[in-house]
Structures are given as structure tokens and as C-alpha cells.
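Trainee: predicted structure and sequence below. I'll ask about it afterward.
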Amino acid sequence: MNKEEGREKMSENEDTEDAYDVENVFAKILRGELRCDKVCENEGALAFRDVSPRAPVHVLVIPKASVKTWDAWLELGLEEREYFLTLVREVIEVEGLKKGGYRVVMNAGRDGCQEVPHFHMHILGGRVLGKILP
Ligand code: AMP
């Protein structure tokens with residue numbers, strides 16, 4: 001799979017409250033229909049390298065539950081949320097980011113420029129990342 005094939009964008013008019021799209025690229029990865037460069041995994045979450053990395057370390061963490069946004073993720077049970085947060089912590093550890101620092105980014109909806117409509121966090125590090133926005 002090349003970078004272009006991996007990209008599926010939220011439509012510009014799409015609302016964060018629209019229904020979950022089961023054909024989004026991360027849903028396909030979770031179903032095993034698309035490959036990913038896996039970093040680690042647990043019962044409720046998967047971490048893999050971003051196909052278009054913006055830093056030496058650029059890992060995406062996604063819940064296995066079909067949720068599109070932070071708000072939908074917050075509605076999940078405590079156990080599911082714990083799996084996700086535990087995996088975020090594991091990525092920071094296994095990628096060696098704890099000492100030097102890192103950034104966690106979560107884009108939501110049109111204004112947040114969310115491309116893939118399956119909730120995820122970006123874990124970025126491995127260099128000085130600069131200010132949060134240009
Ligand atoms: P966002 O703008 O927060 O929705 O970010 C989505 C991210 O997913 C982008 O950084 C893309 O480069 C990345 N991405 C898209 N398709 C894939 C894929 N198949 N495997 C890994 N990362 C992907």
C-alpha cells in the first residue's frame with residue numbers, strides 16, 4: 001500500500017456527529033483488510049506508525065471500538081478507555097520518548113482537520129517539535 005492508497009479523508013462538510021463510517025482506513029486496518037506497521041497492541045487498542053511521518057517518531061494509537069471522535073470515545077466504558085490510555089503510555093515508553101519529551105495530538109472534525117474518521121491520537125517525538133501551531 002502506498003501513501004495515497006492509505007489516505008482517506010473526512011469530507012469537508014462532514015460533521016463530527018455523523019455516523020461512523022465502517023469503510024474508513026483505520027477500520028480496514030482493524031479488520032485486517034489493510035496492513036499497518038504495528039508498534040504494539042492490547043485487547044482494546046492498536047498502535048502503528050503513521051504512513052506519512054512528520055517526526056522521527058510518529059505513531060498513531062487507535063481504539064478497537066468503532067468511535068469517530070473524542071466525545072464518542074468518552075462514552076466508552078472505563079475498561080475500554082483504560083486499554084487505550086495504557087497503550088499511549090506504552091508507545092511513549094517503547095519509543096524511548098520519556099526522557100526527551102514528546103507531543104500528543106488529537107484532531108477532531110472539520111476545524112481540527114481530522115482526515116481519518118476513526119478516533120486516534122498522534123504520538124510525536126524524536127526531535128524538537130517547535131511551537132504547537134506555526
Ligand atoms: P488526522 O488528520 O488526525 O485524521 O490524521 C490521520 C493520519 O493518518 C495522517 O497523519 C495520515 O498520514 C495517517 N494515515 C492515513 N492512512 C494511513 C495508513 N493506512 N496507515 C498509517 N497511517 C495512515
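Mentor: Sure, I can see it. Residues are numbered from 1 along each chain as shown.
Trainee: hang on, Lys28 packs against Leu34?
Mentor: Yes. Look at Lys28 against Leu34 with Cβ atoms under 8 Å: they come within range, at 4.4 Å. C-beta here means a position set from N, CA and C on the backbone, and glycine is covered the same way.
Trainee: these two: who's more crowded?
Mentor: Using other Cβ atoms under 10 Å as the criterion, Lys28 and Leu34 rank with Lys28 on top: 18 against 14.
Trainee: element containing that one?
Mentor: helix 25-30 (DSSP states H and E).
Trainee: nearest residue to the residue nearest to the spatial centre of the chain other than its sequence neighbours?
Mentor: Nearest to the mean C-alpha position of the chain, counting by Cα atoms, centre = their mean, stands His120 at 2.8 Å. Counting by Cβ to Cβ, 6 or more residues apart in numbering, Ile62 is the residue found nearest to His120 once chain neighbours are left out, at 4.5 Å.
Trainee: burial of the one you found, as a residue count?
Mentor: Residue neighbour count, defined by other Cβ under 10 Å, stands at 23 for Ile62.
Trainee: now tell me which helix or strand of the chain has the poorest mean pLDDT.
Mentor: Of all helical and strand segments in the chain, the minimum by mean pLDDT, DSSP states H and E falls on helix 3-6, at a mean of 44.
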